[in-house]
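> Give me the fold of what follows.
(one chain, ligands or ions: 2)
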Amino acid sequence: MADEQGFDLDYAPAPESTGIVELADEYGLYIGGEFVEARSGRTFDTISPSTEERLATVSEAGAEDVDRAVAAARTAFEDHWRDTPGTVRARYLYRIARQLQERSREFAVLETMDGGKPIRESRDVDLPLVAAHFFHHAGWADKLEYAFPNRRVAPHGVAGQVIPWNFPMLMAAWKLAPALACGNTVVLKPAETTPLTALLLAEVLNDVGLPPGVVNVVTGAGETGAALVEHPGVDKLAFTGSTEVGKRIQRSAAVRRLPLTLELGGKAANVVFEDAALDQAVEGVVQGIWFNQGHVCCAGSRLLVQESIAGDFVERLHARMARLRVGDPLDKNTDVGAINSAEHLARITALVESGVEEGAVLHQSACDLPDRGFWFAPTVFTEVQQSHRIAREEVFGPVLAVQTFRTPEEAVEKANNTPYGLSAGIWTEKGSKVHWMAERLRAGVVWANTFNRFDPASPFGGYKESGFGREGGLTGLGAYVRDAGGVSR
Ligand code: NAD
Ligand code: MN
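Ligands and ions are numbered 1, 2, ... in the order given. Take a look at the predicted model:
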């Protein structure tokens with residue numbers, strides 16, 4: 001690759017060593033503080049999406065296994081965990097956080113091997129946020145009376161938590177940390193394409209001496225998830241994943257009047273005004289859709305750019321896109337890694353084909369994609385109509401749909417014209433415009449002159465089909481307690 005002055009932009013490969021990760025050939029389920037074989041007798045393989053190599057064979061939990069895990073969580077809850085003082089729960093959470101910091105490189109490499117995301121992301125974004133999340137909730141565990149003043153609260157009991165493959169460790173942290181801080185016990189089901197870091201986390205939980213049964217990890221696919229969600233022994237449900245599965249879980253939880261938080265898809269718009277700092281905005285848009293292959297529920301998958309600068313902005317975007325490094329996710333220079341699975345790649349490909357058929361104009365970066373593994377080149381669509389599927393449906397891949405607007409009112413209308421409402425971005429020099437827009441955007445998170453920034457103290461969650469409930473912050477903590485009646489002080 002060379003830039004416009006002819007300078008060579010190719011770097012020598014700089015792959016992160018996988019030597020730090022010790023993979024077992026087979027993994028059991030983590031139930032009652034032990035790794036056990038699944039009674040179902042079934043297993044499945046998890047592969048590296050960048051090489052298609054088998055990494056390990058993992059147990060598939062059947063109904064009987066899920067039952068065992070829920071029973072272990074119930075016993076731990078009733079025997080001791082619900083009565084364990086907050087100061088003690090805090091100590092466990094601090095220990096987990098510190099262990100995760102100490103072993104963060106190992107976790108980052110494994111996350112990248114199993115899921116395909118660039119090591120730069122797992123190392124510099126995911127794992128630091130994971131540790132921060134445990135530290136943050138360790139701080140709350142012995143201060144719940146201040147978190148919920150004038151209320152007497154109690155944990156729900158056993159939390160059933162189902163998480164997706166795009167941020168395996170971060171989603172585990174978002175769900176486990178507040179649950180444990182509030183005195184719940186947990187059965188966690190990681191996604192079938194990325195089970196390995198959750199199993200390594202189970203090892204850490206064991207190492208820090210977390211009592212048996214407080215956290216249980218059952219691996220498997222949708223059937224295992226359904227068995228957990230439907231289990232009569234769970235008292236609270238938390239799900240992150242597709243809107244389709246989320247709706248099914250919502251129906252089932254409603255019938256049983258179970259508390260539920262749902263974090264589903266998104267179709268976020270990055271709104272760029274003519275007075276924005278354009279190069280910064282380009283960088284924000286690029287990060288928002290192409291880093292992590294667009295496998296982000298709050299990805300900025302739509303760009304709404306003011307008509308007066310649209311031509312210039314799209315040109316800058318194309319130039320930046322041409323320089324993105326797509327390939328080996330273990331390489332420290334890689335911007336865009338592997339698509340998580342062959343099935344997901346097929347879904348992205350089909351949606352992009354629909355964009356071309358429906359008349360949008362496709363522009364893709366001309367990168368050499370590796371021969372093995374699952375890849376999709378960074379893609380921009382212009383001339384996008386609101387009726388096009390790529391404008392309305394979540395692609396969950398490195399595909400950006402560009403539309404234009406003339407006035408702020410039109411920008412709001414177009415940004416809100418989606419069944420989703422998870423996040424949005426605003427790029428402008430004017431603070432007053434940021435506030436005017438933020439008040440009108442129907443999105444759970446609105447970033448201004450930045451994108452995809454997270455903090456454990458800041459609640460995250462959506463409107464409409466993006467789900468309900470919040471994770472992080474006091475609101476997120478509140479999802480893991482119920483009113484116990486009476487007033488604490
Ligand atoms: P999915 O909803 O099928 O999977 C998410 C999790 O739910 C996984 O752990 C899965 O095993 C489990 N699951 C599947 N069926 C279940 C059921 N009936 N009951 C309980 N649990 C069940 O998502 P997917 O198929 O992996 O991805 C499909 C689409 O979902 C993506 O294209 C994307 O649009 C969206 N998605 C969103 C997020 C997010 O962060 N919001 C994450 C992943 C995927
Ligand atoms: Mn995998």
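> how about the strands of the stretch 1-150 of the chain, start to end?
For the stretch 1-150 of the chain, the strands defined by DSSP state E, counting those that start in this stretch cover 26-27, 29-31, 34-36, 43-47, 54-59.
> export the last one as CSV, just CAs?
Once non-C-alpha atoms are left out, strand 54-59 reads as follows in CSV (Å, rounded to 0.1, in the frame of the first residue of the first chain):
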residue,chain,number,x,y,z
ARG,A,54,-10.5,-25.9,15.7
LEU,A,55,-9.4,-24.3,19.0
ALA,A,56,-11.1,-26.7,21.5
THR,A,57,-14.1,-29.0,22.0
VAL,A,58,-16.6,-27.6,24.4
SER,A,59,-19.5,-29.3,26.3
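> separation between the closest residue to residue 336 other than its chain neighbours and residue 473?
In space, and not counting its chain neighbours, residue 336 is closest to residue 326: 4.3 Å by C-beta to C-beta, 6 or more residues apart in numbering. C-beta coordinates here come from the backbone N, C-alpha and C atoms, glycine included. Residue 326 sits 35 Å away from residue 473, going by C-beta to C-beta, to the nearest Å.
> In terms of neighbours, single out the busier of these two.
More crowded of residue 326 and residue 473, by other C-beta atoms under 10 Å: residue 326, with 23 against 17.
> residues contacting that one?
334, 335, 336, 337, 365, 367, 369, 375, 377, 378 (C-beta atoms under 8 Å, 6 or more residues apart in numbering).
> wait, the second one sits on residue 289?
In other words, residue 335. No - with contact defined as C-beta atoms under 8 Å, residue 335 does not reach residue 289; the gap is 11.5 Å.
> Neighbour count for these two, which is higher?
residue 289 (31 against 22).
> check contacts around that one.
By C-beta under 8 Å, 6+ apart, the neighbours of residue 289 are 299, 300, 301, 398, 399, 400.
> List the buried residues for stretch 329-338?
329, 330, 331, 333, 334, 335, 336, 337, 338 (16 or more other C-beta atoms under 10 Å).
> do stretch 227-238 as well
227, 228, 229, 230, 231, 233, 234, 235, 236, 237, 238.
> any residues touching it, and which ones?
Residues outside stretch 227-238 that contact it (C-beta under 8 Å, 6+ apart) are 61-63, 66-67, 69-71, 73-74, 156-162, 175, 179, 184, 187, 189, 218, 239, 249, 252-253, 258-261, 469, 471, 479-480.
> okay, now residue 467: neighbour count?
With other C-beta under 10 Å as criterion, residue 467 counts 29.
> what distance separates the helix or strand bottoming out on mean pLDDT in the chain from the centre of its chain?
Within the chain, confidence by mean pLDDT, DSSP states H and E is lowest for strand 467-468 among all helices and strands, at a mean of 92. On the basis of C-alpha atoms, centre = their mean, to the nearest Å, strand 467-468 sits 14 Å off its chain's mean C-alpha point.
> Which is the succeeding secondary structure element to that strand?
Moving toward the C-terminus from strand 467-468, the next helix or strand (DSSP states H and E) is helix 473-478.
> ok, the closest residue to residue 123 other than its chain neighbours - contacts?
Leaving aside its sequence neighbours, residue 123 sits nearest to residue 108 (C-beta to C-beta, 6+ apart; 4.1 Å). By C-beta under 8 Å, 6+ apart, the contact set of residue 108 is 119, 122, 123, 126, 127.
> ok, residue 108 to residue 330 distance?
Distance of residue 108 to residue 330, computed by C-beta to C-beta: 10 Å.
> Would you mind measuring from residue 84 to residue 25?
From residue 84 to residue 25 the distance is 36 Å (C-beta to C-beta).
> So residue 163 sits against residue 240, correct?
Yes - Residue 163 lies in contact with residue 240 (C-beta under 8 Å); the separation is 5.4 Å.
> For residue 330, give its distance to ligand 1.
From residue 330 over to ligand 1 the distance is 22 Å, taken as C-beta to the nearest ligand atom, to the nearest Å.
> Check whether that residue really touches residue 112, as I assumed.
Yes - counting by C-beta under 8 Å, residue 330 touches residue 112, with 5.7 Å between them.
> Spit out the residues that contact the two alike.
Joint contacts of residue 330 and residue 112 (C-beta under 8 Å, 6+ apart) are 16, 119.
> Single out the most deeply packed of the strands of the stretch 1-150 of the chain.
Ranked by mean neighbour count under mean count of other C-beta atoms under 10 Å, the strands of the stretch 1-150 of the chain are led by strand 29-31, which reaches a mean of 27.
> Check whether the nearest residue to residue 215 once chain neighbours are set aside sits in a helix, strand or coil.
Among residues not flanking residue 215 along the chain, residue 186 sits closest, at 4.9 Å (C-beta to C-beta, 6+ apart). Three-state assignment for residue 186 (DSSP: H, G, I helix; E, B strand; the rest coil): strand.
> In contact with residue 186: list those residues for me.
Counted by C-beta under 8 Å, 6+ apart, residue 186 has contacts 73, 158, 159, 160, 161, 175, 176, 179, 180, 214, 215, 216.
> hang on, the last one in a strand?
Yes - applying three-state DSSP, one finds residue 216 inside a strand.
> And it, how close does it get to ligand 1?
When residue 216 is compared with ligand 1 (using C-beta to the nearest ligand atom), they lie 15 Å apart.
> What residue in the stretch 151-300 of the chain comes nearest to ligand 2?
residue 193 (4.5 Å; C-beta to the ion).
> related to what we said a few turns ago, distance of the residue nearest to residue 215 relative to residue 126?
20 Å.
> So which of the buried residues of stretch 329-338 are in helices?
Assigned to helices by DSSP state H, none of the buried residues of stretch 329-338 qualify.
> Name the nearest of the residues you listed relative to residue 414.
Among the buried residues of stretch 329-338, residue 336 lies closest to residue 414 (C-beta to C-beta), at 26.8 Å.
> Let me see the contact set for the closest one.
Per C-beta under 8 Å, 6+ apart, neighbours of residue 336: 118, 290, 291, 293, 324, 325, 326, 327, 378, 398.
> wait, the first one sits on residue 335?
So the one you mean is residue 118. Yes - in this structure residue 118 lies within contact range of residue 335 using C-beta under 8 Å: 6.5 Å.
> Overlap of the contact sets of those two?
residue 291.
> buried residues in stretch 118-127?
Residues 118, 119, 120, 121, 122, 123, 125, 126, 127 are the ones in stretch 118-127 that count as buried (16+ other C-beta under 10 Å).
> my bad, stretch 440-454
Neighbour-count burial for stretch 440-454 flags 440-449, 451-452, 454 (criterion: 16+ other C-beta under 10 Å).
> Could you tell me which of those belong to strands?
Counted as lying in strands by DSSP state E, out of these, are 445, 446, 447, 448.
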